[in-house]
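Novice: just coords:
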Ligand SMILES: [Zn+2]
């Protein structure tokens, strides 16, 4: 099966009960974008999907993931836009703060906790704090390395008559900063409401070309001597860690006509230094809520050998 055909089959499956269409109709639209207009397949798929969403009067979040979902534990949620099933307890309900949001709060299972959002228009039953539910067909999202799940019109909610232990997913790591990953430094995020994805070459994977908003972030790799951990510093933590504020970073980039200078400078300031970092674990990242620099057993030679080999 060609790539286009596979995508066409999947798109068709998502709309087959809403629209009169054949796999060939879908494939033809995709083919035109990919073949004639040289649009990358992922973008073509988004465009064609948008077209059918409009036609069906549906929102993107109404779409089912294709095929059966994976039953996941909360700590396993580590990428955005995954369709999944969860069994979790409502640990906390927060003030929705916006009329488009029906309920917002925290879900927990033995592996940890995760934020959830339920849209007002999704027409789902009200969740109660302290109760355990089985959720089917929720979709994951990411904001600054923190994952959340969204409940939508297609989500199934079944109340379970049982209790569930809720794990604490705070963790602490201690070691040398051996690498700073790409996507660190001065970055731009999509300004669309509730999106905030990091732009790649000025493009959001969901909204295409947009005027991004500047932000600071470090995705760091810490080696504790046994294993490596990935950690994310948000804007405030990055400013504190490096002494480079967002304003300063923008000036540096403007002077150099290059944003990568910021990550380079940050790299120079932190590589090879020892830190103790603590915060919630989300997916494979430890979010650096708290950190301090240690005057550790700095074996600079060993650290540099390690850094070069990564
Ligand atoms: Zn976006």
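Specialist: Yes, it's here. Keep in mind that this is a model prediction, so the values were computed, not measured. Residues are numbered from 1 along each chain as shown.

Novice: Up against the ion, what does the stretch 201-310 of the chain have?
Specialist: 204, 206-207 (Cβ under 5 Å from the ion). (Each C-beta comes from the backbone N, C-alpha and C, glycine too.)

Novice: Of those residues, which is the most crowded?
Specialist: Tallying neighbours with other Cβ atoms under 10 Å puts residue 204 at the head of those, with 20 neighbours.

Novice: For it, which residues are in contact?
Specialist: Shown in contact with residue 204 (Cβ atoms under 8 Å, 6 or more residues apart in numbering): 190, 192, 195, 197, 210, 212.

Novice: Next up, the contacts around the fourth one.
Specialist: Residue 197 makes contacts with 80, 142, 189-190, 204-206, as judged by Cβ under 8 Å, 6+ apart.

Novice: Make a ChimeraX selection of whichever of the contacts of residue 204 turn out to be buried.
Specialist: Selection of the buried residues among the contacts of residue 204 in ChimeraX, burial being defined by 16 or more other Cβ atoms under 10 Å:
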select :190,197,210,212
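
Novice: so can I have TSV of the contacts of residue 204 showing secondary structure, pLDDT and distance to residue 112?
Specialist: TSV is the format used below for those (DSSP: H, G, I helix; E, B strand; the rest coil; pLDDT from 0 to 100; distance: Cβ to Cβ, whole Å):
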residue	secondary structure	pLDDT	distance to residue 112
190	coil	92	27
192	coil	88	28
195	coil	83	25
197	coil	86	23
210	coil	93	32
212	coil	92	31
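
Novice: Just the residues of the stretch 201-310 of the chain next to the ion: which are in strands?
Specialist: Using DSSP state E, the members of those that fall in strands are residue 204.

Novice: Where is pLDDT lowest across the residues of the stretch 201-310 of the chain next to the ion?
Specialist: Lowest pLDDT within those is found at residue 206 (89).

Novice: Against residue 38, how distant is it?
Specialist: Distance, residue 206 to residue 38, by Cβ to Cβ, to the nearest Å: 21 Å.

Novice: what pairs with the most centrally placed residue in the chain across the strands?
Specialist: Closest residue to the average C-alpha location of the chain: residue 142 at 2.5 Å, with Cα atoms, centre = their mean. Per DSSP bridges, the residues bridged to residue 142 are residue 147.

Novice: start the count at 2, not 1, going forward
Specialist: Right, with 2 as the first residue, what we last looked at is residue 143.
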